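K.L.:
What would the 3D arrangement of this be:
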Amino acid sequence: MALLLLILWPVAELFVAIEVARAIGVLETIILLILGWPLGLWALRTQGGAARRRLSVALSERRTPTREVLDGTLILFGGILLMIPGFITDVLGITLLLPPTRALVRPLLVRNLGSRVVLRATEFGTRNRKPYDVDSTARDIDQPQLRS
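P.N.:
As a prediction, the model looks like this:
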């Protein structure tokens, strides 16, 4: 599936760019494609900074910053998508940068990634670990023997 996406994505981007060039002109299309880079950088700086401040506030209030971390991640992906040349990536990037659409994407992200993260974390903690004292061979030691 990922390989198919890697092949079809550039084809779709090229098709959309050709159609936009037919509608508004080649020079205007090139200018729009180039403007995505500085717009993405600007979005990463402004919205990323705001997300960082919200994360700091959540941490200073000693609450779990789940929403803030997810928003920061979505802002990062949105800015990166804006910096990649192409109209489809620009639309997706702008979509991730808008707070109302981030609010819609956040629950999907939590639902799809939440179980995977928990599964990976529990696998990591138990992977390649030999059970300790399976035969119950441990014994208590008197206090005087511990001090010497």
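
K.L.:
Secondary structure element for Ile31, which one?
P.N.:
According to DSSP states H and E, Ile31 maps onto helix 26-60.

K.L.:
Determine the set of other helices and strands touching that helix.
P.N.:
Where contact means 3 or more C-beta pairs under 8 Å, 6 or more residues apart in numbering; DSSP states H and E, helix 26-60 is packed against helix 2-24, helix 66-83, helix 87-97. For the C-beta atoms, the positions are set from N, CA and C on the backbone; glycine is no exception.

K.L.:
Show me the one of these that comes nearest Leu108.
P.N.:
If you check each of the helices and strands packed on helix 26-60 against Leu108 by C-beta to C-beta, helix 66-83 wins as the nearest, at 10.4 Å.

K.L.:
Output that closest one as CSV, restricted to C-alpha atoms.
P.N.:
In CSV, the C-alpha atoms belonging to helix 66-83 read as follows (Å, rounded to 0.1, in the frame of the first residue of the first chain):
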residue,chain,number,x,y,z
THR,A,66,-1.7,15.1,25.3
ARG,A,67,-3.6,17.7,23.3
GLU,A,68,-0.6,20.0,23.1
VAL,A,69,1.8,17.3,21.9
LEU,A,70,-0.7,16.1,19.3
ASP,A,71,-1.3,19.7,18.1
GLY,A,72,2.5,20.3,17.9
THR,A,73,2.9,17.1,15.9
LEU,A,74,0.1,18.1,13.5
ILE,A,75,1.5,21.6,13.1
LEU,A,76,4.9,20.1,12.3
PHE,A,77,3.4,17.8,9.7
GLY,A,78,1.3,20.7,8.3
GLY,A,79,4.4,22.9,7.9
ILE,A,80,6.4,20.2,6.3
LEU,A,81,3.6,19.4,3.9
LEU,A,82,3.5,23.1,2.9
MET,A,83,7.2,23.1,2.2
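
K.L.:
so what secondary structure elements neighbour it?
P.N.:
If you count contacts as 3+ C-beta pairs under 8 Å, 6+ apart, helix 66-83 packs onto helix 26-60, helix 87-97, helix 99-126.
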